[in-house]
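>>> My questions are about this predicted structure, shown below with the sequence.
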Amino acid sequence: MNLLLLSNSTQHGRDYLGHALDTVTGFLPAGARLAFVPYALADHDAYTAKVRGALAGAGIDVRGVHEGGDPSARLGEADAVFVGGGNSFRLLSTLYRTGLREALIKAVGDGLPYMGASAGTNMAAPSLRTTNDMPIVEPPSFEALGLIPFQINPHYLDPDPASTHKGETREERLTEFLEENDVPVLGLREGSWLRVEGDRAVTGGERDARLFRRGSAPREIASGSDVSELLRITAAFDARA
């Protein structure tokens, strides 16, 4: 697998993809034909135009998979695929409906580089179960692409000890997930990402990550850390869900 999984595509005070542009353009070299999957947002044309504008200066040719013909055929014409952020439930539902879910699994398994941001990063995990999103639609299954064997929580937020809000923190929600499922969760804070090349996985970006495992306290993972051990785990999900 050749993956770049961003926690977020927009960083406060930066242009779209600006905080990770050097990493993105290293992953997508000049002249690359990039198939963009815009299904996490409602306006596919506007979303594709936004990505096209952000990467035009790097000489990357962005083509939306919705722009005429079979979306799956766009993968065969591309040098890489980018699955954008938005609502993860809407994204996964559309991947199922268009047949693009199966096409992505095959294409990436055959070597097509995959870049995801936010919801697109959620898709790389086995399941949708650690997304932060509201289920605005109901996909046929929570089963995502399974490009990696562990879960990711993009946009991970640390508990704020000064907050008066009494709802569950992100850490509490991930702890609840681990009570029902025995699979690690890598919390990616804003500005961080995960790079996977073959059997090697390394965290990156401006901020550290946080790793959650059943039966142990959450652990800080410094940016630049090798987390390849996570690629060798066997996930155990609650079959009732």
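Arrived safely, thanks for sending.

>>> Now the most centrally placed residue in the chain. Nearest residue, chain neighbours left out?
For the chain, T121 is the residue whose C-alpha lies nearest the centre (Cα atoms, centre = their mean; 0.4 Å). Distances taken as Cβ to Cβ, 6 or more residues apart in numbering put L5 closest to T121, at 4.3 Å, once the chain neighbours are dropped. (C-beta placed from N, C-alpha, C; glycine too.)

>>> who's in contact with the one you found?
By Cβ atoms under 8 Å, 6 or more residues apart in numbering, the residues touching L5 are M115, G116, G120, T121, A124, I148, I152, L188, W193, L194, R195, V196.

>>> and if you look at L174?
Counting by Cβ under 8 Å, 6+ apart, L174 has contacts T130, N153, V185, G187, F212.

>>> Which helix or which strand is home to the fourth one?
Pointing back at G187 there. Using DSSP states H and E, G187 falls within strand 185-189.

>>> Now do the helix or strand that comes right after that strand: everything it contacts.
Remark: after strand 185-189, the chain's next helix or strand is strand 192-197, criterion DSSP H and E. Strand 192-197 has contacts (Cβ under 8 Å, 6+ apart) with 1-7, 20, 23, 27, 121, 147-148, 152, 186, 188, 201-209, 223, 227, 231.

>>> what's the answer for stretch 175-185, then?
With Cβ under 8 Å, 6+ apart as the test, stretch 175-185 has contacts from 126, 129-130, 149-153, 168, 174, 211-214, 230, 233, 235-238, 241.

>>> Type out the PyMOL command that picks the buried ones from the residues you listed.
To isolate the buried members of those in PyMOL, using 16 or more other Cβ atoms under 10 Å:
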select buried, resi 126+129+130+150+151+152+153+174+211+212+213+230+235+237
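
>>> Where strands are concerned, which of the contacts of stretch 175-185 count?
Q151, I152, N153, L211, F212 (DSSP state E).

>>> Next one: A42 from H66, what distance?
Going from A42 to H66 by Cβ to Cβ, to the nearest Å gives 12 Å.

>>> More neighbours: those two, which one.
Counted by other Cβ atoms under 10 Å, A42 and H66 do not tie: H66 has more neighbours, with 19 against 11.
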